[in-house]
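Colleague: Using only what follows, build the 3D model:
(3 chains)
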Amino acid sequence: MSGDHGHGGSQVNSGAKGIDSHKHKDKHKDKEHRHKDHKKDKEREKIKHSNSEHKEHAEKKHRDKEKLKHGDGSADKHREKHKEKDKDKERRREEKIKSSHADKPKKEKENGYVRNTSPAVIKSEPEEDNGFYPSPENNKSFKREYDDEEFEYKPKKVKTEHDKKAKKRKHEYEEDEEDEDIKPKKKTKDRKGADGKKTKKEEEEKWKWWEEERYTDGSKWRFLEHQGPVFAPPYEPLPGKVKFYFDGKPMKLSAPAEEVATFFSKMLEHEYTTKDIFRKNFFKDWRKEMTPEEKSKITDLNKCNFSEMSEYFKAQSEARKQMSKEEKQKNKEENERLLQEYGFCIMDKHKERIGNFRIEPPGLFRGRGDHPKMGMLKRRIRPQDIIINCSKDSKHPKPPAGTKWKEVRHDNKVTWLASWTENIQGSIKYIMLNPSSRIKGEKDWQKYETARRLKKCVDRIRTQYRDDWKSKEMRIRQRAVALYFIDKLALRAGNEKEEGETADTVGCCSLRVEHIKLYPKLDEQEYVVEFDFLGKDSIRYYNKIPVEKRVFKNLQLFLENKQQEDDLFDRLNTSILNKHLQELMDGLTAKVFRTYNASITLQQQLKELSCSDDSIPAKILSYNRANRAVAILCNHQRAPPKTFEKSMQNLQTKIDEKQNQLSTARKQLKAAKAEHKASHDDKSKKTVEVKRKAVQRIEEQLMKLQVQATDREENKQIALGTSKLNYLDPRISVAWCKKSNVPIEKIYNKTQREKFAWAIDMAERDYEF
DNA sequence: CGGATAACTTAGGATATGCTAA
DNA sequence: TTAGCATATCCTAAGTTATCCG
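Modeller: Numbers count the residues shown, from 1 in each chain, chains lettered A, B, ... in the order given. Below you'll find the predicted structure:
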């Protein structure tokens, strides 16, 4: 059954990224489309969905698209609408908060692997909701018990007393409280100074959240205190000597206009400042910042000369590089101070690192790929734009002097500390914790547990979707073929996107006719499908893959009577797909397949490639190759580093040198041997040994270099980081390290070890995904 | 029920840091 | 000691998914 599902790597023939990755650009030239029409279209589509024939459906969709090309360019309407929406949002949010206390959890989703939560228990919750479900079968163990096979865990006894205390303690969570949770820290403190190895001790005593019980009521924390975000530094006007010229004449700009001009000048080197859309968007937004006089004068971007500004910033960054050691040190210390002050929060008695405590500075928006909004002004975020989230009983962060927060709320059903609405897409941005935090780690762990549950039923699911290829219902067939692609090719789900708001990219469900080509016969193979589309981040996915006859026939059917720009799966979207998946397995969604296939591939490949008597570098090469197979499967590409050729050359030079060294050493060894044969004395014997050792050492070094070269070459266009960080169950890697006697540091750097601390701590050598 | 959207994960490139060889 | 490069970290855009709401 699963024979069809090897993800060895060769099947993915990734196309070159970069230059050609944005080639689909002019497809939907006229992107000036309007909300209103769109709405109507959607309404019409509703009806369609329920009863129209497939053929009609496709045609209609197409017609609708055509229609979209004649809009009234109602940008203002659009904006107005946005405002109203914003107000609406806020109102809803308020209501939500108010009612959130009454809200009982609907589903015990928070712990995907906690499956046996009984409703009876929910009802019997005490008034003072402490967030844990009392477990009937209490265990005395301090460790959270989890069973790899069953994905259950039994919470230890709830300590209500403990929790009340926490509330009383309010602002004082000094480490010297008698609380058992923080005792270890106290010990550390005591030892400081007296013990030279204090940092090591501290690390040993890091909090093991994975040995504690989790919240099962949907709350994310009990107590949250932080300092609020760090704002972008205010704009510093240019020195008078740095001038901007319009139409050859110097012109002093007002501060707001000047600031926006500097954004542009800093990007002058980049190719995209030459792009029409970029320039158009920039100029439009820039003019909004100008005084009426400026506006009337500066009428044409082409007559603007930013070069002095550009030179000035180049010089500045050069100067920064040339800074003396002391200055650099000073900078570093300042950064460290900021980090210490704002980079941490207290969540439930533990100090946790914040991921992004700095507010995004203003600048020009650069979307990826062919983005219709590139060049627009990303406005400066002020305190009155920020919503703070913290617990009621915490010391609330202070807004900068003379300012106010937009709102301070206390919503413990979410994990963010602060949020604001960004002005380009109107989406919300958040300040959240670092991946090493409990709240992120638990979620990550849970993600892999869900994937492991998929492992257990994937055969059943595969059987089913193969069966569904034969369904008499079009929607079922489409669903089944899409799922097959998601499973076999690790495609993303592919939500619909609003045209004109973002780059034109697709995933599985949003594939269009133009993205695939069918070849009944290609070279030696039958039933080949060629994929060519831009996926997330406008990274090109290019792949030719033989599929089963039935899939092929279905695809032909789906394509009937459709235009290039019609949806391949016109009866499917991510919502339908995920609903179906949910029925197949609790917690199953499209992306779980990516996680599952990535992790299982790593495990398989490691088994296949590893050789126990390889040297460490060779083992690491094997690991990287296994990792690479996953990266190729998931299409994690990167632009070849600018210095790639050079660095390869350097490495080759080193190899050549090493080879010379080796032959010299070998000659010397030979000579020494001859010498020894002649004289048979102790001294010459020793020399032989020394020389032999030298040869061995150089051989090893050479091998290491060669391995490194291979690795680097193979990695030219492949990014390993994304899969390592997001798709590969870290316990597989940890177990492999233990089995292979490879130090974990060779696989995970410091940050990664912090993120995966839970896995490093709990996975044994025999761990199986 | 479907569209909108809040919340959160995943993503590649840019920039900073720090190590090594000259 | 420092330039040059490799690696780590930062940054924030772009996805997915569940839920909300009319």
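Colleague: tell me which element A:Arg475 falls in.
Modeller: Taking DSSP states H and E as the criterion, A:Arg475 maps to helix A:474-489.
Colleague: And the pLDDT for A:Asp532?
Modeller: Per-residue confidence (pLDDT) for A:Asp532: 98.
Colleague: what does A:Asp537 give?
Modeller: 96.
Colleague: re earlier: which other helices and strands contact the helix holding A:Arg475?
Modeller: Applying 3 or more CB pairs under 8 Å, 6 or more residues apart in numbering; DSSP states H and E, one finds that helix A:474-489 contacts helix A:438-468, strand A:540-546, helix A:549-559, helix A:574-584, helix A:590-609. For the C-beta atoms, the positions are set from N, CA and C on the backbone; glycine is no exception.
Colleague: and the angle from it to helix A:574-584?
Modeller: 80 degrees (axes from the mean of the first three to the mean of the last three CA atoms, to 10 degrees).
Colleague: Isn't A:Thr450 up against A:Arg594?
Modeller: No - with contacts counted by CB atoms under 8 Å, A:Thr450 stays clear of A:Arg594, the gap being 11.7 Å.
Colleague: gap between A:Gln563 and DNA strand C?
Modeller: 23 Å (CB to the nearest atom of the strand, to the nearest Å).
Colleague: Touching, that residue and A:Asp570? I think so.
Modeller: No - if you go by CB under 8 Å, A:Gln563 and A:Asp570 don't touch, sitting 11.4 Å apart.
Colleague: of the two, who's got more company?
Modeller: It is A:Asp570, of A:Gln563 and A:Asp570, that has more neighbours when counted by other CB atoms under 10 Å, with 21 against 14.
Colleague: Could I get the phi/psi values of that one?
Modeller: phi -80, psi -10 (degrees, to the nearest 10).
Colleague: Kindly format the C-alpha coordinates of the helix holding A:Arg475 as CSV.
Modeller: Output of helix A:474-489 as CSV, limited to C-alpha atoms (Å, rounded to 0.1, in the frame of the first residue of the first chain):
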residue,chain,number,x,y,z
MET,A,474,-17.1,14.8,-8.5
ARG,A,475,-16.4,16.5,-5.2
ILE,A,476,-15.3,13.3,-3.6
ARG,A,477,-13.0,12.5,-6.5
GLN,A,478,-11.5,15.9,-6.4
ARG,A,479,-11.0,15.7,-2.7
ALA,A,480,-9.3,12.3,-3.0
VAL,A,481,-6.9,13.4,-5.8
ALA,A,482,-6.0,16.5,-3.9
LEU,A,483,-5.4,14.5,-0.8
TYR,A,484,-3.2,12.2,-2.8
PHE,A,485,-1.1,15.1,-3.9
ILE,A,486,-0.9,16.5,-0.4
ASP,A,487,0.3,13.1,0.9
LYS,A,488,2.6,12.1,-1.9
LEU,A,489,4.1,15.4,-2.8
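Colleague: May I see the buried residues of it?
Modeller: A:474-489 (16 or more other CB atoms under 10 Å).
Colleague: Is A:Ala451 in contact with A:Thr595, as I believe?
Modeller: Yes - A:Ala451 lies in contact with A:Thr595 (CB under 8 Å); the separation is 4.2 Å.
Colleague: one step back: so the helix or strand following the helix holding A:Arg475 versus helix A:474-489, what angle?
Modeller: Under the assignment DSSP H and E, the closest C-terminal helix or strand after helix A:474-489 is strand A:516-522. Inter-element angle recorded for strand A:516-522 and helix A:474-489: 70 degrees (by the same axes, to 10 degrees).
Colleague: The helix or strand following strand A:516-522 and DNA strand B in contact?
Modeller: Note on strand A:516-522: by DSSP H and E, the next helix or strand toward the C-terminus is strand A:525-534. No - figure legend: strand A:525-534 not in contact with DNA strand B (CB under 7 Å from any atom of the strand); closest approach 11.4 Å.
Colleague: which residues sit against strand A:525-534?
Modeller: A:15, A:21-22, A:24, A:369, A:489, A:503-506, A:511-512, A:515-522, A:540-549, A:551-552, A:555 (CB atoms under 8 Å, 6 or more residues apart in numbering).
Colleague: Going along the chain, name the strands of the stretch 151-300 of chain A.
Modeller: A:153-154, A:224-225, A:244-246, A:249-251 (DSSP state E, counting those that start in this stretch).
Colleague: Show me what the third one is packed up against.
Modeller: Same thing as strand A:244-246. strand A:249-251, strand A:304-305, helix A:307-321.
Colleague: Share the number of residues neighbouring A:Val742, please.
Modeller: A:Val742: 20 neighbours (other CB under 10 Å).
Colleague: need the contact list for it.
Modeller: Counted by CB under 8 Å, 6+ apart, A:Val742 has contacts A:616, A:619-620, A:623, A:736.
Colleague: repeat for A:Phe552
Modeller: A:518, A:520, A:527, A:529.
Colleague: Return the member of the residues you listed nearest to DNA strand C.
Modeller: Nearest to DNA strand C among the contacts of A:Phe552, counting by CB to the nearest atom of the strand, is A:Val529 at 19.0 Å.
Colleague: of A:Ala451 and A:Thr595, who's got more company?
Modeller: Between A:Ala451 and A:Thr595, counting by other CB under 10 Å, A:Ala451 is the more crowded of the two (26 against 23).
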